[in-house]
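**Student:** sharing a model that was predicted from the sequence below.
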Amino acid sequence: MTPKCSIGRPGACPQCRGGGAEANHQSGFTLIELLISLAIISMALVLVGSGLRMLSQSWEKQSDRMQRHDLLMRGVGILRKDLSALKRMVRDDAGQAVQMFYGRAGSLSFVTLTDTDPAGPGLVYVNYAVEGTSRGRNMVRRTARMIAETPLHEVRFTSAVKVIENAARLGFAFRSDSAAAGGWSRAWTDTGTLPGLVRLDVGMRQGTPVPPVTIGLAASAEQVCVAGAGPLCTIASGLAENALRPVDSAGERARGIQ
């Protein structure tokens, strides 16, 4: 028979003593076990938090890189559209026929036909200027309504819009269609003709390197516009009454602007 434990004498029965120890052993976690569990959980939370933070930073960098690339491509698209609609205009400059085109490494000006000008569709002067800031280099597009007989360096451009922002490197280069003219040049100094190609060099601070953007003009400049090459689109041809006139790419006689 199993002895009955006395309520008043719990220590007098071995079975009661064993049962009490077993009961105390199964009562719960000790303080040390609880602290170890909390430490493990805390370390796991720290690791998870660090991973999420790194993932968030990586996502933000990738998103920022994609946004900068999208803005760059949008700016290049605007430049390409303006150059594709470039109009070859000749201006009387002290008896010399001068193309309405100015090209330097940090500035590009010409006449283009646009349908997005606030004053309505028509011919406008457009200027792309590279400007440096503390955060990088920007390319700013400015426009002005076209007025005959106004040299490009005297045009008062307005409507400034940043088309490329915070680039590490920006600059233009120019090349003639003629094989004898050599390679690329940072300045277009031939006032009698226009370049066949315009190149935009872009270097971003972060991300994938951007290859140079090369844009071909709509048609080659007429060789007859070179001084001494012929009477077409020169002031000596008797067209001085309309000194500012477009040059036809097919070599036809220039037409005056109405």
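**Tutor:** Yep, it's here. Owing to the predicted nature of the structure, the values given are computational and were not obtained by experimental measurement.
**Student:** CA only for contacts and neighbour counts going forward, please
**Tutor:** Will do.
**Student:** beyond the helix or strand where Ala44 lies, next helix or strand please.
**Tutor:** Following DSSP states H and E, one finds Ala44 within helix 31-84. Heading C-terminal from helix 31-84, the first helix or strand you meet, by DSSP H and E, is strand 89-93.
**Student:** just the CA atoms of that following strand, as CSV, please.
**Tutor:** What follows is strand 89-93, C-alpha atoms only, in CSV (Å, rounded to 0.1, in the frame of the first residue of the first chain):
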residue,chain,number,x,y,z
MET,A,89,19.4,81.0,-90.6
VAL,A,90,21.9,83.5,-92.2
ARG,A,91,22.4,86.9,-90.7
ASP,A,92,24.1,90.0,-92.2
ASP,A,93,27.1,90.8,-90.1
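**Student:** what's that strand packed up against?
**Tutor:** strand 96-99, strand 245-246 (3 or more CA pairs under 8 Å, 6 or more residues apart in numbering; DSSP states H and E).
**Student:** rank those by pLDDT, which is bottom?
**Tutor:** Least confidently modelled of those is strand 245-246, at a mean of 44 by mean pLDDT.
**Student:** what about this protein, any weak spots by pLDDT?
**Tutor:** 1-28, 118-119, 149, 178-181, 206-208, 218-258 (pLDDT under 70).
**Student:** what segments of it are helices?
**Tutor:** Here the chain has its helices, by DSSP state H, at 14-25, 31-84.
**Student:** got those as a markdown table, with distance to Thr158 columns?
**Tutor:** Below are the helices of the chain laid out as a markdown table (distance: least, CA to CA, whole Å):
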| stretch | distance to Thr158 |
| --- | --- |
| helix 14-25 | 86 |
| helix 31-84 | 16 |
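**Student:** want to throw the ones you listed into JSON lines with mean neighbour count and distance to Asn127?
**Tutor:** Below are the helices of the chain laid out as JSON lines (neighbours: other CA atoms under 10 Å; distance: least, CA to CA, whole Å):
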{"stretch": "helix 14-25", "mean neighbour count": "13", "distance to Asn127": "87"}
{"stretch": "helix 31-84", "mean neighbour count": "13", "distance to Asn127": "10"}
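**Student:** buried residues, stretch 113-120. List them.
**Tutor:** Within stretch 113-120, the residues that count as buried by 16 or more other CA atoms under 10 Å are Leu113, Thr114.
**Student:** any idea how far Ser42 is from the residue nearest to Lys162 when sequence neighbours are not counted?
**Tutor:** Among residues not flanking Lys162 along the chain, Val140 sits closest, at 4.4 Å (CA to CA, 6 or more residues apart in numbering). Remark: distance between Val140 and Ser42 (CA to CA, to the nearest Å) = 52 Å.
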